[in-house]
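J.: Sequence and predicted model, in that order:
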Amino acid sequence: MTDHVNGREVVLDMLLEVLEGDKYSHTVLNQHLKKHQFLEKQERAFITRLFTDTVKRYLTLDYIIEQFSTLPVRKMKPLIRNLLRMSIYQIMYMDQIPESAVCNEAVKLAKKRGFSKLSGFVNGILRNIIREKDGLTFPDRSKNEVEYLKIMYSTPEWLVKQLLEQYDDATAEAVLKASLRERETSIRCNRAKVSPDQLKENLIEEGVIVERSEYLDYAFVIHNYDYLDKLQSFRQGEFTVQDVSSMLVCEVAEIKESDFVIDVCSAPGGKSLQAAEKARRVSARDLTEYKINLINENCNRMGFTNVETLVWDATVTDESMINSADVVIADLPCSGLGVIGKKSDIKYRMSHEQQKELVELQRNILSVVQQYVKKGGVLVYSTCTINKEENEENRNWFLENYDFETESIDPYLPKQLQGETTQKGYLQLLQGVHNSDGFFIAKFRRK
Ligand SMILES: C[S@@+](CC[C@H](N)C(=O)[O-])C[C@H]1O[C@@H](n2cnc3c(N)ncnc32)[C@H](O)[C@@H]1O
């Protein structure tokens with residue numbers, strides 16, 4: 001640790017912002033890493049892991065705390081409960097850190113932040129856990145499967161129940177397990193600038209570890225870099241961060257050189273910029289100026305001139321676009337359950353009520369944007385969730401209500417992903433089952 005910045009204190013502040021406030025974990029992490037860009041790579045990695053994993057596992061950590069405290073976690077001072085959470089995470093899951101150091105640092109931090117009177121309480125709980133951690137007990141699976149999965153995979157009860165209702169037990173558990181795994185950075189090669197092989201070479205030269213995706217030859221997973229802006233290949237627009245699942249949208253859309261594509265919910269521009277590699281013209285829209293600027297920044301970095309950006313609410317019909325698009329991409333707001341491994345606070349904030357509102361919004365947007373598709377043109381509906389109400393059920397609703405038909409998407413998918421549903425024009429990817437995030441894609445063609 002450096003003299004000036006205490007990594008643990010940085011994490012404590014971040015936890016307070018996310019678990020006690022209303023900020024999103026990935027936003028808070030990006031802000032703090034940017035602020036502490038001068039720190040050693042190793043220390044930034046420590047901050048990243050301690051913060052993201054404490055958030056990811058906080059229900060499990062609270063369950064452990066309550067075995068050693070008569071005061072329920074919810075009644076503790078916010079600073080104290082988050083200090084305990086992050087300290088127990090280090091004791092339970094970070095073997096290389098001496099337990100006594102964790103305890104001493106926690107006591108020092110409690111005092112520094114004005115809780116001298118509670119430093120003995122913190123010390124007592126942590127020392128007891130260190131002593132008894134091998135004998136900890138967890139819920140009995142045979143008595144209560146839901147409670148077991150909730151605590152072991154730190155996932156709210158309603159969500160565990162939904163997964164068990166919608167998928168078989170083994171699949172639900174695989175999804176939950178995958179959501180706790182450390183996530184790598186997935187990238188897409190900008191083939192308008194560089195070939196995938198050349199990009200791989202460039203990254204290796206910059207000291208990055210690169211693995212090609214089993215699904216697409218221009219998708220990679222990268223490790224061993226500090227931050228993206230430090231890489232010349234990133235600054236020069238040779239790649240963008242995007243999960244391979246999301247790249248399949250443009251594959252399935254079958255975009256041609258002469259095509260006009262409208263991407264109705266497009267920020268930060270992943271699919272629009274991929275479409276721009278092939279299409280004549282792309283109209284990339286989103287709700288706010290801030291979001292549109294994100295697309296513009298990415299567009300400039302990656303060097304595209306055929307993308308027009310526009311602030312436009314997708315629930316409002318743009319009369320000028322009716323029957324005009326060869327392809328409409330509707331990558332809509334959703335419950336995000338396919339990316340809870342990357343943005344774990346989603347699993348604590350989402351609710352079934354919100355999912356129902358999202359289904360309404362998705363249907364509302366689809367009913368508007370389907371008008372933009374030319375006769376014979378394509379609409380691709382996608383989400384980064386695994387909730388069937390937002391995915392398969394919306395697909396069925398769309399087919400019942402609009403003059404579109406389905407077709408097999410097998411010609412655009414790798415062999416491993418082809419199956420019964422892809423012949424009917426849709427694909428549900430699941431984290432832990434597939435080698436990607438959870439993601440849904442459905443293709444429709446206007447009759
Ligand atoms: C799943 S994200 C899109 C990701 C993007 N397609 C990509 O690949 O980078 C959904 C987007 O929908 C936008 N959005 C939400 N409601 C909207 C609306 N009514 N009209 C337009 N965009 C909206 C959000 O701002 C968000 O950027």
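T.: All right, it came through fine.
J.: Look at residue 36 and report its pLDDT.
T.: Reported pLDDT at residue 36 in the predicted model: 89.
J.: sorry, that was for residue 3
T.: With respect to pLDDT, residue 3 scores 52.
J.: and residue 355, how far is that from residue 228?
T.: 32 Å (CB to CB, to the nearest Å). Quick note: C-beta positions are derived from backbone N, CA and C, even for glycine.
J.: Can you pick out the residue with more neighbours from the two?
T.: residue 355 (19 against 15; other CB atoms under 10 Å).
J.: Just give the closest residue to that one, not the sequence neighbours.
T.: Counting by CB to CB, 6 or more residues apart in numbering, residue 355 lies nearest to residue 335, which is 4.9 Å off, once chain neighbours are set aside.
J.: Would you list the phi and psi of the one you found?
T.: phi -80, psi -10 (degrees, to the nearest 10).
J.: Tell me how many other residues surround it.
T.: The tally of other residues near residue 335 (other CB under 10 Å) stands at 27.
J.: What of residue 310?
T.: Residues lying near residue 310 (other CB under 10 Å) number 13.
J.: got the contact list for it?
T.: 283-285, 292 (CB atoms under 8 Å, 6 or more residues apart in numbering).
J.: for those, which one is nearest residue 97?
T.: Among the contacts of residue 310, residue 292 lies closest to residue 97 (CB to CB), at 43.6 Å.
J.: Wait, the closest one touches residue 283, no?
T.: No: checked against CB atoms under 8 Å, the pair residue 292 and residue 283 is beyond contact range at 11.7 Å.
J.: Contacts for the top helix by length along the chain next, please.
T.: What stands out as the longest helix in the chain, according to DSSP state H, is helix 352-369. The contact list for helix 352-369 (CB under 8 Å, 6+ apart) reads 158, 162, 262, 264-265, 314-317, 328, 330, 332-335, 379, 381, 383, 387, 389-390, 393-394, 397-398, 401-402.
J.: Where strands are concerned, which of those residues count?
T.: If you go by DSSP state E, the contacts of helix 352-369 have 262, 328, 330, 379, 381, 383 in strands.
J.: Selection in ChimeraX covering whichever of the contacts of helix 352-369 are buried, please.
T.: To isolate the buried ones among these in ChimeraX, judged by 16 or more other CB atoms under 10 Å, type:
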select :162,262,264,265,314,328,330,332,333,334,335,379,381,383,387,389,390,394,397,398,402
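J.: and the contacts of helix 352-369 near the ligand, which?
T.: Counting by CB under 6 Å from any ligand atom, 265, 314-315, 333 from the contacts of helix 352-369 sit close to the ligand.
J.: Next, format the residues you listed as a markdown table and append pLDDT.
T.: Shown next, in a markdown table, are these (pLDDT from 0 to 100):
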| residue | pLDDT |
| --- | --- |
| 265 | 98 |
| 314 | 98 |
| 315 | 98 |
| 333 | 98 |
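J.: what's the closest of the residues you listed to residue 136?
T.: residue 333 (39.4 Å).
J.: Within range of the ligand, give me the residues from the stretch 151-300 of the chain.
T.: So the stretch 151-300 of the chain meets the ligand at 246, 265-271, 286-287, 291 (CB under 6 Å from any ligand atom).
J.: from the residues you listed, which ones fall inside helices?
T.: Short answer: these in helices (DSSP H) are 246, 270-271, 291.
J.: Include neighbour count, distance to residue 324 and pLDDT when you put those into CSV, please.
T.: Formatted as CSV, these follow (neighbours: other CB atoms under 10 Å; distance: CB to CB, whole Å; pLDDT from 0 to 100):
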residue, neighbour count, distance to residue 324, pLDDT
246, 24, 25, 98
270, 22, 23, 97
271, 23, 18, 98
291, 19, 23, 97
